[in-house]
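Asker: Here is a sequence with its predicted model. Questions after.
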Amino acid sequence: MSDWFAGFELERRLIGDVHLNLRHNLGSARGKPPLLLLHGFPQTHAMWHKVAPLLAAHFALVLPDLRGYGDSDKPPSDAAHAAYSKRAMAADSVALMRMLGFDRFAACGHDRGGRVAHRMALDHPQAVERLMLLDISPTLTMYERTDMQFARAYYHWFFLIQPQPLPETLIGADPAFFLRKKLGGWGSHGLDVFDPRALAEYERCISDPATIHAMCEDYRAAASIDLEHDRADAQARIACPLYVLWGESGVVHRLFAPIADWQAKAFRTVTGRSTPGGHYIAEETPELLAAEMLSFFGQR
């Protein structure tokens, strides 16, 4: 990965008792507005490698690996899966940005990163200035509307939450096979949209048994403690401007109504649109995504 993140520094920061791995361009972006980019499953911050160079001249970009993913720590969990709750991950993100000197910032989250960003906007409204979410509807909404079509399309939601060590053992038998099946099944052009360097990075990370367990804990948290938090905050709303994008050949487009779903969770009018392609917007249509970010985050 020698030159695909040219101009970005790679480092680790201790946030509480968890080290987060991240890239940023802060050395060359002094005075630029901060933008936090949160990746999804089963990926790492490497998923932004096509988008980040297009934004680097406009933003102070921070690209962490979520706890449990990539080269960030995989903390031990418990029966409540609290260590992998979106509340814990959101707190990581806010603390990281404060450590880097940003009390308020914009954020964009894809997939699991979008769920972290949703919780971050609820728990830390003073920190999140503007929010973009990629190819998700709210977690509680998606679970409550589960039917046969959704269960078939997102079977991993129900597989990964099974008690350990069942999913860990089965994925661990051939992690690269599992990864490629997931990546190839959600995009619009199979694995062709993924840079070989990114694919190799995803395979490297998922080959670690600790990563496999952490990913399962992430999903177990989503089906338990995260739903408890969402139900407890049923009347809470996202206060900042919210923009949503989703792939028109993806499951969210087919089975959900992202703008309406998010409007029910927001104070302000939610805007957004579908994009050509599937789930992996940052790698399928990076130029379009960068243009949408520049427009929404005020850097036309």
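Answerer: Done, it's in. Owing to the predicted nature of the structure, the values given are computational and were not obtained by experimental measurement. Numbering: from 1, shown residues only.
Asker: C-alpha from now on. contacts and neighbour counts both.
Answerer: Noted.
Asker: Do you have the strands of the protein handy? List them.
Answerer: Remark: strands assigned in the chain by DSSP state E are 9-15, 18-24, 34-38, 60-64, 105-110, 128-134, 242-247, 271-275.
Asker: May I see those organised as TSV, with mean pLDDT, mean neighbour count and distance to E284 added?
Answerer: Below are the strands of the chain laid out as TSV (pLDDT from 0 to 100; neighbours: other Cα atoms under 10 Å; distance: least, Cα to Cα, whole Å):
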stretch	mean pLDDT	mean neighbour count	distance to E284
strand 9-15	97	14	24
strand 18-24	98	21	21
strand 34-38	98	25	17
strand 60-64	98	25	19
strand 105-110	98	23	13
strand 128-134	98	24	12
strand 242-247	98	24	9
strand 271-275	98	17	10
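Asker: Quick one: these as a markdown table, columns for distance to A198 too.
Answerer: Formatted as a markdown table, the strands of the chain follow (distance: least, Cα to Cα, whole Å):
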| stretch | distance to A198 |
| --- | --- |
| strand 9-15 | 16 |
| strand 18-24 | 15 |
| strand 34-38 | 16 |
| strand 60-64 | 15 |
| strand 105-110 | 16 |
| strand 128-134 | 19 |
| strand 242-247 | 20 |
| strand 271-275 | 22 |
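Asker: looking at those, which is closest to F178?
Answerer: strand 105-110 (19.9 Å; Cα to Cα).
Asker: Show me which positions of stretch 224-237 end up buried.
Answerer: By 16 or more other Cα atoms under 10 Å, the buried positions in stretch 224-237 come out as I225, D226, L227, H229, D230, R237.
Asker: what is the mean pLDDT for that stretch?
Answerer: Here stretch 224-237 scores 97 as its mean pLDDT.
Asker: Quick one: distance of it to the chain centre.
Answerer: Relative to the centre of its chain, stretch 224-237 is centred 19 Å away, using Cα atoms, centre = their mean, to the nearest Å.
Asker: got it, and stretch 115-133?
Answerer: 12 Å.
Asker: send the alpha carbons of it over as PDB?
Answerer: Presented in PDB, the C-alpha positions along stretch 115-133 are these (Å, rounded to 0.1, in the frame of the first residue of the first chain):
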ATOM      1  CA  ARG A 115     -24.700   2.800  12.300                       C
ATOM      2  CA  VAL A 116     -21.900   4.100  14.500                       C
ATOM      3  CA  ALA A 117     -22.400   7.500  13.000                       C
ATOM      4  CA  HIS A 118     -26.100   7.400  13.700                       C
ATOM      5  CA  ARG A 119     -25.500   6.600  17.400                       C
ATOM      6  CA  MET A 120     -22.700   9.300  17.500                       C
ATOM      7  CA  ALA A 121     -25.200  11.900  16.300                       C
ATOM      8  CA  LEU A 122     -27.700  10.900  19.000                       C
ATOM      9  CA  ASP A 123     -25.200  10.600  21.900                       C
ATOM     10  CA  HIS A 124     -22.900  13.500  20.900                       C
ATOM     11  CA  PRO A 125     -25.100  16.000  19.000                       C
ATOM     12  CA  GLN A 126     -22.800  18.900  19.900                       C
ATOM     13  CA  ALA A 127     -19.900  17.100  18.100                       C
ATOM     14  CA  VAL A 128     -21.600  16.200  14.700                       C
ATOM     15  CA  GLU A 129     -22.100  19.100  12.400                       C
ATOM     16  CA  ARG A 130     -23.300  17.400   9.300                       C
ATOM     17  CA  LEU A 131     -23.900  13.700   8.600                       C
ATOM     18  CA  MET A 132     -23.900  11.500   5.500                       C
ATOM     19  CA  LEU A 133     -25.000   7.800   5.600                       C
END
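Asker: what's next to that stretch, contact-wise?
Answerer: For stretch 115-133, contacts defined as Cα atoms under 8 Å, 6 or more residues apart in numbering pick out 38, 86-87, 89-91, 93-94, 103-110, 114, 138-139, 236-245, 297.
Asker: how long is stretch 57-65 from one end to the other?
Answerer: By Cα to Cα, to the nearest Å, the extent of stretch 57-65 from end to end equals 22 Å.
Asker: picking up where we left off before, F158: which of the strands of the chain is closest?
Answerer: Evaluated over those, closeness to F158 peaks at strand 105-110, with 19.8 Å, by Cα to Cα.
Asker: now the closest one and strand 128-134, what's the angle there?
Answerer: Using axes from the mean of the first three to the mean of the last three Cα atoms, to 10 degrees, one finds that strand 105-110 and strand 128-134 are set 10 degrees apart in direction.
Asker: now what about strand 105-110, what contacts it?
Answerer: Residues from elsewhere that reach strand 105-110, judged by Cα under 8 Å, 6+ apart: 33-40, 97, 114-117, 127-136, 297.
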